[in-house]
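Colleague: My questions concern the predicted model and sequence given below.
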Amino acid sequence: MTQATRALEEHFNRLIEADQRVEPRDWMPEGYRKTLIRQIAQHAHSEIIGMQPEGNWITRAPSLRRKAILIAKVQDEAGHGLYLYSAAETLGVSRAELLDLLHAGKQKYSSIFNYPTLTWADVGAIGWLVDGAAITNQVPLCRCSYGPYARAMVRICKEESFHQRQGFEILYTLSHGTPEQKAMAQDAVNRWYWPSLMMFGPPDEESKHSAQSMAWKIKRHSNDELRQKFVDMIVPQAEALGLTLPDPDLKWNPERGHYDFGLIDWDEFYEVLKGNGPCNRQRMEHRRRAHEEGAWVREAALAYARKQEERARKEQAA
Amino acid sequence: MTQATRALEEHFNRLIEADQRVEPRDWMPEGYRKTLIRQIAQHAHSEIIGMQPEGNWITRAPSLRRKAILIAKVQDEAGHGLYLYSAAETLGVSRAELLDLLHAGKQKYSSIFNYPTLTWADVGAIGWLVDGAAITNQVPLCRCSYGPYARAMVRICKEESFHQRQGFEILYTLSHGTPEQKAMAQDAVNRWYWPSLMMFGPPDEESKHSAQSMAWKIKRHSNDELRQKFVDMIVPQAEALGLTLPDPDLKWNPERGHYDFGLIDWDEFYEVLKGNGPCNRQRMEHRRRAHEEGAWVREAALAYARKQEERARKEQAA
Amino acid sequence: MTGPLFEYALRLGDDALILAQRLGEWISRAPELEEDVALANIALDLLGQARSLLSYAGQVEGAGRDEDALAYLREERQFRNVQLVELPNGDFARTIARQLFFATYQLGLYQALATSKDATLAGVAGKAVKEVAYHADHATQWTLRLGDGTEESHRRMQEAVDRLWPYTHELFESDELVRGLAAEGVAVDPATLRPAWQEQVTGVLAEATLAVPEDDWRPTGGRRGIHTEHLGYLLAEMQYLPRAYPGAKW
Amino acid sequence: MTGPLFEYALRLGDDALILAQRLGEWISRAPELEEDVALANIALDLLGQARSLLSYAGQVEGAGRDEDALAYLREERQFRNVQLVELPNGDFARTIARQLFFATYQLGLYQALATSKDATLAGVAGKAVKEVAYHADHATQWTLRLGDGTEESHRRMQEAVDRLWPYTHELFESDELVRGLAAEGVAVDPATLRPAWQEQVTGVLAEATLAVPEDDWRPTGGRRGIHTEHLGYLLAEMQYLPRAYPGAKW
């Protein structure tokens, strides 16, 4: 390491230490850059793959108001994807490259989106549980040490908490509707509860990247801390909904000041992660098909832009 | 004309005169052959294009019994197509050639199939009116001078009259059901009545091919005679259904011993014939797409058959 | 018998509703993320217009039907949209051609309707003009890119324009009902919108190096509830839940 | 709570019903007329089996539900078919691969079920054996033609086999319910059908010059009402009319 590099690294470390933001113009260790690219890309991919399970209900939303809210929500996810790919671009990697990595199966997206949305209530359950877990994960990221990512997260978190309230409201309406509607809501919660707990990633003792990420202040809390926080949040919300959570071991622990909860089926988690969830193949095929079927459109836009440039140049020359 | 040909022609004329059947092995005038090919092909094409408007309701039939009856009916139409293409093949033209002519827009199918099936009641109206008109047209064809065609018609007519009863029964059930169902039935009859009268072709004074066809005993009755016969048949059936026919001029004429009926909109007829009916483009596109998307399958079957032959030959040689 | 104003509001509302439904099918399938956003945006605008117009229709009718009763509990034969908006999306070129034709029509319509003597219609139209101007611009930009882009995009865009052109005639059909309302200063006679539309659209097509199709076939019937065979499938999907759970609130 | 026999009849009935519905989509779209006839024929056979089985389920349940109430008025989560039969048709190769896998399974099942102590199940199965033997033969012949036909057909058929293979595991899953009924001599434990199926299918694939896929992914859930996202659309279309006209007779 040259002396110049050592000086840069010290500057970087001081920024981190002082809880200040690292910006694209700043020098940063290669590991930091790689970790951020991996994390931001995975996050961006999750937003765009996440459009599918909810998008599945756009044409079948049961009222025009719900349809409008759902379209707006899925549109927000596309927008979040855009912010996040832009944040990643500040680290020197283009959206097209990241999409190629996604399509080649070389980068991941959140496993939660590999479960199917079987009924309308799933849209509510995703809003309440999945967006709820996402917010729990993401709120600390608003203070992430990398500036562009932190700023994208501020904007995203604001919208996500809106989405979570909408999901809660869908479930509330169902659980206070007809007996069939209440059963539909309970069934959706039963199916989405455990996968939402898995969204925080493996238990701390198995988490590969956590320690370094915490040191770099990319991450602020461990997986298990965040998971506990989430459980503590949703238990009273489930009561307000009049729905139960499918965990017989769930109960308040006055000593810990937290809810205890049952064992997570980590085998299922790793199976889905490996590609063997109910919808992994479907999600990737849908995504790849949209990309491939859109290739001629993107090429046309490029060709047109080039022609326009050419014309402008000729006009100037004339 | 050589003497031999003259002798053959006399034999042909005697067969026609004596109301006997001309068979594939018999000599026949080129015009007779061409007329038959055109008519049988158009008839065959009508059967296979006719699968579409009714096929449109297979996945949406309102009871399992109706679904089964409808599948069987559409299947019969495919079967009729097969008999008729076979009958045409006895005249020296292959099914593949005829399909190519259909797909190229060089041969026609019955214009009736260029109207959309908008509701379930349309399936009833097609059965009752369209199959009813078809039978009226086809019963005399069972005595057509060309043997293979006449025999195909015998078989087809038997099935068609079954279909007509089923259509009648669908409408009867609807017209004796809820007010909405009755309205649905009446609406379908209103839409299919006039087009079904057009199925007999232009008025006699405008019909191009009729005189020669009658002389050759391919055709036995004029368009207008058949149309009158059809109207006389359906008026009492409509009464039995409790439905009205959308023609204010329809009334019994005791002098003629027939029902008088209103003027047909021949402009509409010629527009549809020209290709400008509501569904002409859709029907042709559907048909062409099925054919094109099936090409690789037909090629595979052919390739496999050749390989099997080859293998059999080698085995024999060994 | 329902009145002409009810019927007129349905026509406009159904156009917007059915097109919003079709555009909604695109979301997560667009050629790029920006277009997922743009198409969702247009769908949302149209859905908003549909909700206002159907609510108003229900109010005018006075039989207690709200926007959802009208959207979810009518049968195919009771829908009043033009056939253009119910056609399957096809590829991106077809969707863009439809957007160009429809948005240009709707922009002229709403601009004129914004001065309607009917305060509600004028309000809905006035608010929507800005939205629809964006829709027209979006479609125009893409028509230029696809028409004057690559060989393949040109071919596809020309095919799309040729295929959909026949369905544009129905947009400008007038009948006694609309002429009556137009005479009262309530509605806009669509026939009056044609010249400006023609000029605008043919101008865009020319700039996009696309040929203007010949007028031949003129499919029609939507305003009388005569639709293509595609609408029934769209409605079966759209209306499924309220049909399956009669009386439930969502 | 409904009894195991009701549940078992539903499983068999729903498999037949949903596959019949999918095959019905082919009619007028087949590669040649003979296949329009053949696929319609198979759909009709399956539909007939479904009607007998669902009628019997309704009878066993004793709650007054007939075949139509069970087919048209249950929701997605109440359907008990395996996921294999609800998957979209795809191209002809995929449809044939599904037919090969399913008909071979169903043939073994019905042959065994024909000696069930339950007279109705035995009767339905006994009658269906001949039909299903034809289905299996039809699929086998086409698998050979496509696998050992042209390069393109081989590629497509292999792709189809690979894609659908994971869904075959579910066919042979047994659970307490079916083991209980099997112990009483009423049902057939599907696990017992696997070896013969495997031998038969791999034999056909080998003759068709197709590779037998590796076992990896094992999607499942149909017997508990966990389906793919495709089933909801199928049901929305299939059930539309009875949902839209509650109580009407057809």
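Modeller: Yep, that arrived. Predicted, not measured: the structure shown is a model, and the values here were computed from it. Residues are numbered from 1 along each chain as shown, chains lettered A, B, ... in the order given.

Colleague: Please make it C-alpha for all contacts and neighbour counts, starting now.
Modeller: Noted.

Colleague: how close does the closest residue to chain C within the stretch 101-250 of chain A get to chain B?
Modeller: When distances are taken as Cα to the nearest Cα, the stretch 101-250 of chain A reaches nearest to chain C at residue A:173, 6.2 Å away. Look at residue A:173 and chain B: by Cα to the nearest Cα, to the nearest Å, they are 31 Å apart.

Colleague: so what's that residue up against?
Modeller: C:249, C:250 (Cα atoms under 8 Å, 6 or more residues apart in numbering or on different chains).

Colleague: what does residue A:82 give?
Modeller: For residue A:82, the contact set (Cα under 8 Å, 6+ apart) comprises A:44, C:33, C:34.

Colleague: Next up, phi/psi of residue 234, please.
Modeller: You didn't say which chain, so I picked chain A. Dihedral pair for residue A:234: phi -80, psi -20, per degrees, to the nearest 10.

Colleague: What's the separation between it and residue A:200?
Modeller: Here residue A:234 is placed at a distance of 15 Å from residue A:200 (Cα to Cα, to the nearest Å).

Colleague: what about the residue in chain C positioned nearest to chain B, neighbour count?
Modeller: As assessed by Cα to the nearest Cα, chain B sits closest to residue C:217 within chain C, at 5.5 Å. Residues within reach of residue C:217, counting by other Cα atoms under 10 Å in any protein chain shown, total 16.

Colleague: Give me the nearest residue to the residue in chain A that chain D sits nearest to, chain neighbours excluded.
Modeller: When scored by Cα to the nearest Cα, chain A has residue A:276 as its residue closest to chain D, at 5.5 Å. Nearest non-adjacent residue to residue A:276, counting by Cα to Cα, 6 or more residues apart in numbering or on different chains: residue D:217, 5.5 Å away.

Colleague: more crowded one of residue A:234 and residue A:200?
Modeller: Just comparing residue A:234 and residue A:200: by other Cα under 10 Å the higher neighbour count belongs to residue A:200, 22 against 17.

Colleague: so that one touches residue A:223, yeah?
Modeller: Yes. With contact defined as Cα atoms under 8 Å, residue A:200 reaches residue A:223; the gap is 5.3 Å.

Colleague: Go through stretch C:161-180 and flag the buried ones.
Modeller: For stretch C:161-180, a neighbour-count test (16 or more other Cα atoms under 10 Å in any protein chain shown) marks C:161-162, C:164-173, C:178-179 as buried.

Colleague: any idea where the helices of chain C begin and end?
Modeller: C:4-24, C:33-61, C:67-72, C:92-113, C:119-147, C:151-164, C:176-183, C:194-207, C:230-244 (DSSP state H).

Colleague: Would you mind listing the outside residues contacting the one helix or strand residue A:232 maps to?
Modeller: Assigned by DSSP states H and E, residue A:232 belongs to helix A:223-241. Where contact means Cα under 8 Å, 6+ apart, the residues beyond helix A:223-241 that reach it are A:129, A:132-133, A:136-137, A:168, A:171-172, A:175, A:197, A:200-204, A:207, A:244-245, A:258-259.

Colleague: can you rerun that using 7 Å?
Modeller: A:133, A:136-137, A:172, A:175, A:197, A:200-201, A:203-204, A:244, A:258-259 (Cα atoms under 7 Å, 6 or more residues apart in numbering or on different chains).

Colleague: Stretch C:60-70 now?
Modeller: By Cα under 7 Å, 6+ apart, stretch C:60-70 touches A:63, A:64, C:2, C:6, C:51, C:54, C:55, C:58.

Colleague: Mind checking the pLDDT average for that stretch?
Modeller: Stretch C:60-70 shows a mean pLDDT of 97 in the predicted model.

Colleague: Stretch C:73-80 too?
Modeller: Mean predicted confidence for stretch C:73-80 is 98.

Colleague: Report the buried residues of that stretch.
Modeller: Buried residues in stretch C:73-80, counted by 16+ other Cα under 10 Å: C:73, C:75, C:76, C:77, C:78, C:79, C:80.

Colleague: and what of stretch A:25-41?
Modeller: Buried residues in stretch A:25-41, counting neighbours by 16+ other Cα under 10 Å, are found at A:28, A:33, A:35, A:36, A:37, A:38, A:39, A:40, A:41.

Colleague: now, which of these lie within helices?
Modeller: Judged by DSSP H, the subset of the buried residues of stretch A:25-41 located in helices is A:33, A:35, A:36, A:37, A:38, A:39, A:40, A:41.

Colleague: Which two of these have the greatest separation?
Modeller: Farthest pair in those (Cα to Cα) is A:33 and A:41. Separation: 11.8 Å.

Colleague: before we move on, back to that, the helix or strand encompassing the residue of the stretch 101-250 of chain A closest to chain C to helix A:223-241, inter-axis angle?
Modeller: Following DSSP H and E, one finds residue A:173 within helix A:147-175. Angle between the axes of helix A:147-175 and helix A:223-241 is 30 degrees (criterion: axes from the mean of the first three to the mean of the last three Cα atoms, to 10 degrees).

Colleague: starting at the chain centroid, how far to helix A:147-175?
Modeller: When C-alpha coordinates are averaged (Cα atoms, centre = their mean, to the nearest Å), helix A:147-175 and its chain have centres 11 Å apart.

Colleague: What's the first helix or strand after it?
Modeller: The C-terminal neighbour of helix A:147-175 among helices and strands, as given by DSSP H and E, is helix A:179-198.

Colleague: ok and that next one relative to helix A:147-175, angle-wise?
Modeller: Counting by the same axes, to 10 degrees, helix A:179-198 lies at 150 degrees to helix A:147-175.
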